[in-house]
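# dropping the sequence and predicted coords here.
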Amino acid sequence: MRILVTGGAGYIGSVVSEELLQAGHEVVVFDNLSRGHRQAVPKKAELVVGDLADRACLDELFRSRAIDAVMHFAALIEAGESMKAPEQFFRNNTANALTLLEAMLAARVKSFVFSSTAALFGNPARTPIEEDDTLQPTNAYGESKLLVERMLGWFHQIHGFRYASLRYFNAAGASRPDRGEAHRPETHLIPRILDVALGRAPHLNIFGCDYPTPDGTCIRDYIHVSDLARAHLLALEVLALENSGPLLYNLGNGQGFSVREVVEVARRVTGHPLPVIESARRAGDPAVLIASSEKIRRDLGWQPRFPDLKTIVESAWQWQRTHPDGYGSMP
Ligand code: UDP
């Protein structure tokens, strides 16, 4: 198949692009490079630099290339940022997704894999979170993605779209020593901890130590980026079948770690004391997010290959240590 990967110059999109190529698919990456990196796009993929707000550009792309399915990663992803500038999230994540769906409709491309998020659930009523639990985001990021899930439901019902919505919990780790997380600025916990280990920051700020958790810090379910990528390929196989229904899946390891526990694992991996400073809560952060991924295990036979947090942090450390400037460190 020829797959259009929006955001294929980003962290998860580039890993999935590489897996698609390895599985024998063709990949067209569409990215405005506002957050992604040209060097992250796998060599065998075609890169089209463009913006999802540009409908004419999308129409030309679909007209000139026989696209079979779309995987949509391009989005703003930082929950904290979304509580300062929600308008950017509704523009980039919601409105641009609609433009993409309209272009697909016009081009009669109806298979779609969507990067969704645990942030859909807000403060969950129970743990681990199952797919049909209440969707009630506590931040504008989660809301911007929930609106896309809702649109997809209608596009399925009315236009016969086949789609998978994969709700990522905390993506982490590196798929290879030379392919990893490189956000600018970096806000995610594991790379920020590793920045301290590299001497690029004097300490880690822990955002909130008064949550209702055993050690007072937020608990998250960290999932290796390669395990996430595998789920996309499995979903794509099912979407190729006629009449496949909506595939809604939570993706995590079913195990939560507090911020302090992640720091402790990183101390063991890096051998660095990793000083921390207890700071104020970050707006919009739920206390605990842990996935039940039973459904995707049952339906698609998905199995995480790297569920161990130490392995995840080690892979991130290997990448970050050898590429302190991310893709800017590449020759
Ligand atoms: N966090 C923190 N210090 C940091 C970055 C993150 O204490 O410098 C906390 C954050 O408040 C959250 C957890 O680490 O509780 C995971 O945050 P991240 O931004 O990595 O992912 P999120 O869960 O927001 O998607």
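Happy to help now that I have it.
# enumerate the residues of the protein near the ligand.
79, 170, 187-189, 192, 204-207, 218, 220, 259, 282, 285 (C-beta under 6 Å from any ligand atom). For every residue, glycine as well, the C-beta is placed using N, CA and C.
# and the residue of the stretch 201-331 of the chain found nearest the ligand, how many residues sit next to it?
Using C-beta to the nearest ligand atom, residue 218 is the residue of the stretch 201-331 of the chain that sits closest to the ligand, at 3.0 Å. Neighbours of residue 218 under the rule other C-beta atoms under 10 Å: 25.
# list phi and psi for it.
Dihedral pair for residue 218: phi -70, psi 150, per degrees, to the nearest 10.
# tell me which residues touch it, please.
207-208, 211, 258-259, 285-288 (C-beta atoms under 8 Å, 6 or more residues apart in numbering).
# which secondary element of this structure has the worst mean pLDDT?
helix 79-82 (a mean of 92; mean pLDDT, DSSP states H and E).
# show me the contact partners of that one.
Applying C-beta under 8 Å, 6+ apart, the set of residues contacting helix 79-82 from outside is 76, 88-89, 119, 139-142, 144, 187, 282-285.
# and stretch 305-325, by the same measure?
Contacting residues not belonging to stretch 305-325 are listed as 172-182, 190-191, 194-195, 197-198, 200, 222-224, 226-227, 230, 253, 255, 257, 261-262, 265-266, 268-270, 329-330 [C-beta under 8 Å, 6+ apart].
# pretty sure residue 133 sits against residue 123.
No: contact criterion C-beta atoms under 8 Å: residue 133 and residue 123 do not qualify, at 11.0 Å.
# those two: which has the busier surroundings?
residue 133 (17 against 13).
# residue 12: helix or strand, and which one exactly?
Residue 12 belongs to helix 11-22 when assigned by DSSP states H and E.
# neighbours around residue 157, how many?
Look at residue 157: counted by other C-beta under 10 Å, it has 10 neighbours.
# what distance do you get for it to the ligand?
Remark: distance between residue 157 and the ligand (C-beta to the nearest ligand atom, to the nearest Å) = 30 Å.
# tell me the pLDDT of that residue.
The score at residue 157 is 97. That number is its pLDDT.
# what of the one 4 residues further on?
According to the predicted model, the pLDDT of residue 161 comes to 97.
# sorry, back to before: ok, of the contacts of stretch 305-325, which come out buried?
For these, a burial check counting by 16 or more other C-beta atoms under 10 Å picks out 172-175, 179-182, 190-191, 194-195, 197, 222-224, 226-227, 230, 253, 257, 261-262, 265-266, 269-270.
# who's sitting farthest from the centroid in the protein?
residue 273 (29.2 Å; C-alpha atoms, centre = their mean).
# just to check, that one is in contact with residue 267?
Yes: counting by C-beta under 8 Å, residue 273 touches residue 267, with 6.8 Å between them.
# circling back: buried ones in the least confident helix or strand of the chain, by neighbour count?
Buried, per 16+ other C-beta under 10 Å, within helix 79-82: 79, 81-82.
# filter the contacts of helix 79-82 to the buried ones?
Using 16+ other C-beta under 10 Å, the buried ones in the contacts of helix 79-82 are 76, 89, 119, 139-142, 144, 282, 284-285.
# gap between stretch 6-26 and the chain center?
Remark: stretch 6-26 is offset 13 Å from the chain centroid, using C-alpha atoms, centre = their mean, to the nearest Å.
# quick check: mean pLDDT of that stretch?
98.
# residues of that stretch that come out buried?
6-21, 25-26.
# endpoints of stretch 94-113, how far apart?
15 Å (C-alpha to C-alpha, to the nearest Å).
# give me the contacts around it.
4, 6, 51-53, 55, 58-59, 61-63, 67-72, 74-75, 114, 144, 147-148, 151-152, 155, 159-164, 166, 232, 235-236, 239-240.
# so for it, what gets flagged as buried?
Neighbour counts over stretch 94-113 (16+ other C-beta under 10 Å) mark 94-97, 100-101, 103-104, 107, 109-113 as buried.
# hmm, which of the buried ones among the contacts of helix 79-82 is lowest in pLDDT?
residue 284 (85).
# among the buried ones among the contacts of helix 79-82, which ones are in helices?
Among the buried ones among the contacts of helix 79-82, the members falling in helices (DSSP state H) are 89, 140-142, 144.
# looking at these, which two lie furthest apart in space?
The distance between the two most remote of those (C-beta to C-beta) is 9.3 Å, for 89 and 142.
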